[in-house]
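Chemist: Any chance you can model this:
(chains A and B)
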Amino acid sequence: MDAAGNLLDRRVLAMWWSMAGAQAVCVGLVGGLAVWLAPVPAALVVVLVLLAVVAAVLIPPLRYRRWRYRLRERDLSLSRGALWQVRTLIPFDRIQFVESRRGPLDRIFGLNVLVVYTAAGRAAHIPGLNTSQAEAVREELSKVAGTLSV
Amino acid sequence: MWSIESGVRYGVGLIILAFNAGSTLRWWIPPAAAAMVVPSVVRYMRFRYEVTGDALVVQGGLLSQWRRVIPLARIQSVEVVQKLRHRMLDVVELRVEAAGGRATEAALVALDPAEADRLRSVLLRRTEAAPGDAHEEPSLAHLHPRDLLLAGVTGGRVAVIAALLGYGEQFLSDDQTAALFDGVRSLGASGLVVALWAGMVILSISVAISLVATVLVYWDFTVRREGDRLVVTRGLLERRRAIVPLHRVQAVELLENPLRRALGLAALSVVVAGQAGQDRQQQETGVLLPIARRAEALEVAAAVLGAPGPVAAAPLQPAPVSSLVRRLTIAAVGSLVAVAAGTVAGGALAPVSVAAGLLAVAWSFAGWRSLGHTVAGEHVVVRRGALVRKTTILRAANIQHLLLVTSPTQRPFGLATVRLCIPRANPRAVDLELRRAENRFAELTGRLTGVAPPG
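Modeler: Below you'll find the model as predicted:
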């Protein structure tokens, strides 16, 4: 797949790591409880927790490296995914509206999320844009959305 | 109509109460009845609708007043419903569906049929080629009672049971079947008889349910084309008349369950933008043909999509062998894990997990065989589904956005899936060779953006 396009802001990596870390901790806690309260083999739980930790360490950078967004002449093209690799193509004239979001976590890391909708529903969810990136993409999309006719 | 509805709803309860309650309670009943009826009367008096310029304005409200303006251009379809209680009063309900909403945007619950007809043609005026020129064309399809019987017998539950029996027969070895019979026989002759009877009863009950449901819902089913709209009328107790503007049709789905596939039969439904697809009634509205011979169904599909006849019958590109290998590998790994778990958990579970494994293998084979896709002229055809085979035919121009997905299990086998996102459906060409998937993706990108794909 093509490697051209814009990367997300680097801070998103820290956000993903912290989220994945929290998930791994949760897996550890649930596993510990399971061993303590129910007859679950400890070895199984150890393997699961190790898997969760490895995934938490490895997947965010993989995902970061693969995330690309590109505003082309007539479409928005995305390429993303660590395990499920997905390429998305959204023609400008099919875009219904663009939404920007900031969740609590996004605010902590100073990031923005852009969501693009077509008539078929949510077409793109671009996380981890810094404010100027988000501004630029939104500006560009609002300029072109639904204006080009094929 | 509202006062009648609530009158019926609460009246029964009141009558029952009147009989059961002691004499001390009785004088409460008239005020209670009034409390039930008055809000309906007020609602009726407050309810207004009118068509002003290019919008439908509906207002009403009991305590808080509301007013809704629906631009005519946003109206996707108009449905006329006549339930039993409507029939008693000779009125109809008009439901207006607009783009973007999840529920019905406006329901005019009781209209004079003539007024409903007038309103419908006003609301859909924009979508009509020439108003008043809706000359009656011969119906695209009409179902006779015997077709309905066939549909009921081969539909839904029955087909699933029959298919399971069929699969079971193919993959259970003889001595396992014999063991099963031995088990039954050990209960004595009466045990066998009871088991057989139980099976028969379950089967006939499900056939009966399916039959009754089919007859009630699809009685006198007719599809007619009027100008650039599709008119579907159906129903025994509850007559329904649905109007679908043809240009709102996003795709046509041909559904074949195993039993119907064996008999060369299929059902056909349309995917329409802006139609509330959540509840069952609306899904039934999408049915274009509850049952028909496959070739016939394909003809109707082509007519609805405005496609040249051959498109619907175009040969599909089968999925590559690597897709079968992938599916079998997944099934084998899954079965091994299941067998191992079964053995660990205790010997008694082992046969079950072996059977499950065999079923998984059969499933992956059936799933692979049904895969297919093609691009024919302006249309894309994709097919998938292990048990119920679903063929989706859509106009390439209706695709909103495209996805090319490679899952972790597809990557080692060099496969990918192209998803064609259209409103209200999720067609996808599954398990294409990566190279071919990329070509399709590029080709469709070119079509959507009007830029020729490079190379």
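Chemist: Next, the contact list for the nearest residue to residue A:27 once chain neighbours are set aside, please.
Modeler: Nearest residue to residue A:27, sequence neighbours excluded (Cβ to Cβ, 6 or more residues apart in numbering or on different chains): residue A:52, at 4.2 Å. All C-beta spots, glycine's among them, are computed from the backbone N, C-alpha and C. Listed by Cβ atoms under 8 Å, 6 or more residues apart in numbering or on different chains, the contact partners of residue A:52 are A:23, A:24, A:27, A:28.
Chemist: Could you report the distance from the residue in the stretch 151-300 of chain B that chain A sits nearest to to residue B:95?
Modeler: With Cβ to the nearest Cβ as the measure, residue B:273 is the residue of the stretch 151-300 of chain B nearest to chain A, at 6.6 Å. Distance from residue B:273 to residue B:95, counting by Cβ to Cβ, to the nearest Å: 16 Å.
Chemist: Check residue B:62 too.
Modeler: Counting by Cβ to Cβ, the gap from residue B:62 to residue B:95 is 21 Å.
Chemist: Who has more neighbours out of the two?
Modeler: Set residue B:62 next to residue B:95 and count neighbours by other Cβ atoms under 10 Å in any protein chain shown: residue B:95 wins out with 22 against 13.
Chemist: which one's the longest helix in chain A?
Modeler: helix A:11-37 (DSSP state H).
Chemist: What is that one packed up against?
Modeler: For helix A:11-37, the packing partners by 3 or more Cβ pairs under 8 Å, 6 or more residues apart in numbering or on different chains; DSSP states H and E come out as helix A:42-66, helix A:104-109, strand A:121-129.
Chemist: what are the pairing partners of the lowest-mean-pLDDT helix or strand in chain A, and which direction each?
Modeler: Here the helix or strand of chain A ranked lowest by mean pLDDT, DSSP states H and E is strand A:95-101, holding a mean of 86. According to DSSP bridges, strand A:95-101 forms sheet pairs with strand A:112-118 (antiparallel).
Chemist: quick one: buried residues of the partner strand?
Modeler: Neighbour counts over strand A:112-118 (16 or more other Cβ atoms under 10 Å in any protein chain shown) mark A:112, A:113, A:114, A:116, A:117, A:118 as buried.
Chemist: tell me how far that strand is from the chain's mean position?
Modeler: 11 Å (Cα atoms, centre = their mean, to the nearest Å).
Chemist: how about the helices of the stretch 301-450 of chain B, start to end?
Modeler: Per DSSP state H, counting those that start in this stretch, the stretch 301-450 of chain B carries helices over the ranges B:310-313, B:321-345, B:350-370, B:434-449.
Chemist: Would you single out the least confident of those?
Modeler: Of all those, helix B:310-313 carries the lowest average pLDDT, namely a mean of 72.
Chemist: that older thread, right, so the helices and strands packed on helix A:11-37: which one is the most enclosed?
Modeler: Neighbour counts (mean count of other Cβ atoms under 10 Å in any protein chain shown) averaged over each of the helices and strands packed on helix A:11-37 peak at strand A:121-129, with a mean of 20.
Chemist: Tabulate the CA atom coordinates of it in CSV.
Modeler: C-alpha atoms of strand A:121-129 as CSV (Å, rounded to 0.1, in the frame of the first residue of the first chain):
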residue,chain,number,x,y,z
GLY,A,121,-22.8,6.7,7.5
ARG,A,122,-19.5,7.3,9.2
ALA,A,123,-16.9,7.1,6.6
ALA,A,124,-13.8,8.2,8.4
HIS,A,125,-12.7,8.8,12.0
ILE,A,126,-9.3,10.6,12.0
PRO,A,127,-7.9,10.7,15.5
GLY,A,128,-4.9,12.5,16.8
LEU,A,129,-4.8,15.7,14.8
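Chemist: Briefly note if it comes near chain B.
Modeler: Yes. Using Cβ under 8 Å from any Cβ of the partner chain, we find that strand A:121-129 touches chain B at A:121, A:123, A:124.
Chemist: which strands and helices sit next to that strand?
Modeler: For strand A:121-129, the packing partners by 3+ Cβ pairs under 8 Å, 6+ apart come out as helix A:11-37, strand A:75-80, strand A:85-91, strand A:112-118.
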